[in-house]
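*Asks:* A structural model of the following input is requested.
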Amino acid sequence: VEFRRSRSHASRFTGADSEGKDTGAVHAMLFELKDHLRIGWTDPRTGARHLCCDSPNLVADAGCVLGDPIIAPPDDGVEPEPGWPWVRRVEFVGDHAVRTMSPEQVTVTRDGMYHLWFVTCDATLGETLTVTGRTTWRNPHGYLPGMMRHMRPFFGTLALAYGGLAFWWAAKVAKAHYTHGTGAHAHGTVTNVVTQLHHCVTAVVAASFAESFLWYADYEYFNSVGTRPVLLAIIASCVGAAREAASRTLVLIVSTGYGVVRP
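*Replies:* Below you'll find the predicted structure:
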């Protein structure tokens, strides 16, 4: 992650007095969503919410460190987990306009929703600061977010089920066609109508298998690589729409009696 401040701000610290010294800082903060109220402090007298410890009065009232974000203890009195929220201070040195944060690997031991904030308690720096970079979030099972973790085995199981159904249906259709084809008194019109329905059902089963397999491949790729294959998701959505349209059309056709009570 790279932090960049304007040259006009950095030039304020040109000179021997600022050489090699901290002339501005950014804090990276990682915390669980349920702990968001611990970030900052509310003044009980005025009700004002303060994120940064930017005055001597706050140092005395909130017990914070001047120039740093305020992290309050839990309201429920439970001892917080050591090292959480996770905070790293990145300092600008001298009149340098760019500061790069060294790569950090953070191990999360509890399930939950987590936020990553970049905070600066220097008001003049905050007006000119830009942040560029990349963060990678990975669970023990892969890159899939926890809320989507169940989708991969679900669509994998569904694809296997539709594959088994396809083999069973193919065997039944082959047997029916063989029986009608070898029957001595097979009625040609009835056979043609039933065959058309068989083809429609076969198309729906095949589309169902293709849709579930494509979604499984989509989530498997996302879980392994960390990026979503957009084209695969588009194809799966199109196949799903076609399958749904075909299945509903088939239900309407059969409900009118086509192939059931008349040829």
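*Asks:* Check the offset of the helix ranked longest in the chain from the chain's centre.
*Replies:* Ranked by residue count under DSSP state H, the longest helix found in the chain is helix 188-225. Distance of helix 188-225 from the chain centroid (C-alpha atoms, centre = their mean, to the nearest Å) equals 28 Å.
*Asks:* okay, the angle between whichever helix or strand comes after that helix and helix 188-225?
*Replies:* Later in the chain than helix 188-225, the nearest helix or strand by DSSP states H and E is helix 230-255. Orientation of helix 230-255 against helix 188-225 (axes from the mean of the first three to the mean of the last three C-alpha atoms, to 10 degrees) gives an angle of 150 degrees.
*Asks:* which residues pair with residue 132 across the strands?
*Replies:* residue 2 (DSSP bridges).
*Asks:* tell me the contacts of it?
*Replies:* 1-2, 4 (C-beta atoms under 8 Å, 6 or more residues apart in numbering). Bear in mind the C-beta positions are built from the backbone N, C-alpha and C, glycine included.
*Asks:* Please tabulate those residues in CSV, including the columns neighbour count and distance to residue 234.
*Replies:* What follows is the contacts of residue 132, written out as CSV (neighbours: other C-beta atoms under 10 Å; distance: C-beta to C-beta, whole Å):
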residue, neighbour count, distance to residue 234
1, 19, 32
2, 12, 33
4, 17, 36
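*Asks:* Could you grab the helix/strand/coil label for the residue lying closest to residue 13 once chain neighbours are set aside?
*Replies:* Of all residues not flanking residue 13 in the chain, residue 23 sits nearest, at 4.2 Å (C-beta to C-beta, 6 or more residues apart in numbering). Judged by DSSP: H, G, I helix; E, B strand; the rest coil, the three-state class of residue 23 is strand.
*Asks:* before we move on, what about the one 4 residues further on?
*Replies:* Using three-state DSSP as the criterion, the local structure at residue 27 reads strand.
*Asks:* circling back: out of the contacts of residue 132, which is nearest to residue 169?
*Replies:* Nearest to residue 169 among the contacts of residue 132, counting by C-beta to C-beta, is residue 1 at 54.0 Å.
*Asks:* just checking, the closest one touches residue 129?
*Replies:* No. Residue 1 is beyond contact range of residue 129, at 12.0 Å (criterion: C-beta atoms under 8 Å).
*Asks:* check contacts around the residue nearest to the spatial centre of the chain.
*Replies:* Of all residues in the chain, the one closest to the mean position by C-alpha atoms, centre = their mean is residue 145, 4.9 Å from it. Applying C-beta under 8 Å, 6+ apart, we find residue 145 in contact with 137, 139.
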